[in-house]
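Novice: Here is the input, now give the coordinates:
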Amino acid sequence: MYDELIQELLKSLDENLISAGYPKFPGEGYKAHKIDAKNFHEINKSNSDKRIAFVDGGNTEILGSANFSLNLLRICYVVYKNNQKIMSKKFEILAFIQAINDKGEIHYKASFFGLGNSLGLGDISFSSFDHTLMLGVNRAEIGSVANALRRFAELKIAKLISEGKIADVIVLDGNLQATLTNENKYLNELYESCSKNDVILSALSKTTSLFTDNGNLLSVVLMSVSKYASWYYYPIAEISSSNHKAEMFFVRFHKKSKHAFRFEIFNKQKSEAVDAINCLTSNSVDPIFIGYPYGLVEADRIARVSNQERDSLKTIFLVKLRNKNIEKYLNSANAHEILDKISF
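Specialist: Residues are numbered from 1 along each chain as shown. Here you go, the predicted structure:
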């Protein structure tokens with residue numbers, strides 16, 4: 001049974017690899033270009049003294065129930081020049097999200113409490129039926145708001161880097177597409193700032209789920225077609241969406257890399273794309289993750305919130321909330337946690 005299944009799996013993947021024709025984008029605003037070997041360009045590694053700021057964030061829920069969620073957001077940037085780290089900065093925020101009644105509808109309102117470096121996010125609110133947070137037709141879970149808040153905080157920090165002219169190139173973890181309610185507000189402010197201050201704005205995705213027209217993964221197809229050891233692929237599509245002001249590339253930064261990453265640059269700066277790719281290529285030689293910019297590895301390490309940290313903060317808050325009638329709220333959402341601890 002298993003051998004038959006494996007043969008069918010491999011056959012299906014091989015057939016899709018051969019027949020792939022175009023990238024396939026969800027929604028409107030994308031005119032895909034046919035996959036063509038002539039769109040591969042060899043990367044010519046060059047030295048650059050540009051300062052590159054890598055931005056990433058992490059978050060974890062400390063306490064939560066169906067109607068409130070207390071989260072720690074940790075955002076950082078790391079600046080490299082000539083492959084040497086020259087500075088880094090970390091921002092930590094406690095985000096308290098609560099369900100409220102707003103004109104007869106349930107909304108999730110977030111308030112922020114700084115742990116040293118405040119970003120001035122102000123109060124943020126989402127409808128509990130916000131389609132950018134929902135899964136299926138049910139009301140969004142209140143904990144899902146934290147991921148949106150982290151994204152907004154990352155964009156605010158990128159703007160701080162631009163305004164302070166801390167770096168010549170900014171690399172966000174992810175992409176430049178606005179997929180959340182009000183995300184365009186933060187992105188447009190960042191675009192304006194980078195244009196004003198001559199700071200190149202880009203983004204690199206750790207993972208990608210872009211398909212080809214026959215259901216294969218675009219990154220896998222490109223890795224199979226290219227004749228170059230390290231390369232960038234462009235053009236992929238003409239993007240006219242107002243929610244996605246970017247030029248899109250796929251990049252393999254190192255000849256030994258097993259990954260091709262989706263790379264984007266603010267569309268008004270597309271003339272700077274090759275230079276930005278060359279800068280990132282020089283930063284993608286560390287064997288810890290060959291072919292991936294080490295600056296993003298370091299930013300991820302600093303921003304990541306460990307389970308130990310989460311549990312420590314949870315203990316602190318539970319001690320302070322003892323005999324404060326909080327347990328019945330926590331019990332509304334912890335049944336899975338109890339079952340996970342049971343050994344069968």
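
Novice: which residues touch Tyr80?
Specialist: Counting by CB atoms under 8 Å, 6 or more residues apart in numbering, Tyr80 touches 51-52, 54, 86, 283, 294-295. Using the backbone N, CA and C atoms, a C-beta is placed for each residue, glycine as well.

Novice: Can you classify it as helix, strand or coil?
Specialist: With DSSP: H, G, I helix; E, B strand; the rest coil as the basis, Tyr80 sits in strand.

Novice: what bridges to it?
Specialist: Tyr80 has the following beta-bridge partners by DSSP bridges: Ile52, Lys85.

Novice: Against Lys90, how distant is it?
Specialist: Per CB to CB, to the nearest Å, Tyr80 is found 16 Å from Lys90.

Novice: my read: Gly64 touches Ala95, true?
Specialist: No - the criterion here is CB atoms under 8 Å, and Gly64 misses it with Ala95 at 11.4 Å.

Novice: Overlap in contacts, those two.
Specialist: Leu70.

Novice: more neighbours, those two?
Specialist: Ala95 (23 against 20; other CB atoms under 10 Å).

Novice: rewinding a little: got the contacts of Tyr80 as JSON lines, with pLDDT columns?
Specialist: Output for these, formatted as JSON lines (pLDDT from 0 to 100):
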{"residue": "Arg51", "pLDDT": "97"}
{"residue": "Ile52", "pLDDT": "98"}
{"residue": "Phe54", "pLDDT": "98"}
{"residue": "Ile86", "pLDDT": "97"}
{"residue": "Asn283", "pLDDT": "94"}
{"residue": "Tyr294", "pLDDT": "97"}
{"residue": "Gly295", "pLDDT": "97"}
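
Novice: The residues you listed, buried ones only, as a PyMOL selection?
Specialist: Remark: buried members of the contacts of Tyr80, expressed as a PyMOL selection using 16 or more other CB atoms under 10 Å:
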select buried, resi 51+52+54+283+294+295
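
Novice: Same list, the contacts of Tyr80, but as TSV with distance to Ile75 please.
Specialist: Output for the contacts of Tyr80, formatted as TSV (distance: CB to CB, whole Å):
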residue	distance to Ile75
Arg51	19
Ile52	17
Phe54	12
Ile86	19
Asn283	20
Tyr294	19
Gly295	15
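
Novice: what secondary structure does Ala146 sit in?
Specialist: For Ala146, the assignment made with three-state DSSP gives helix.

Novice: Quick check, it in contact with Ser69.
Specialist: Yes - contact criterion CB under 8 Å: Ala146 and Ser69 qualify, at 6.4 Å.
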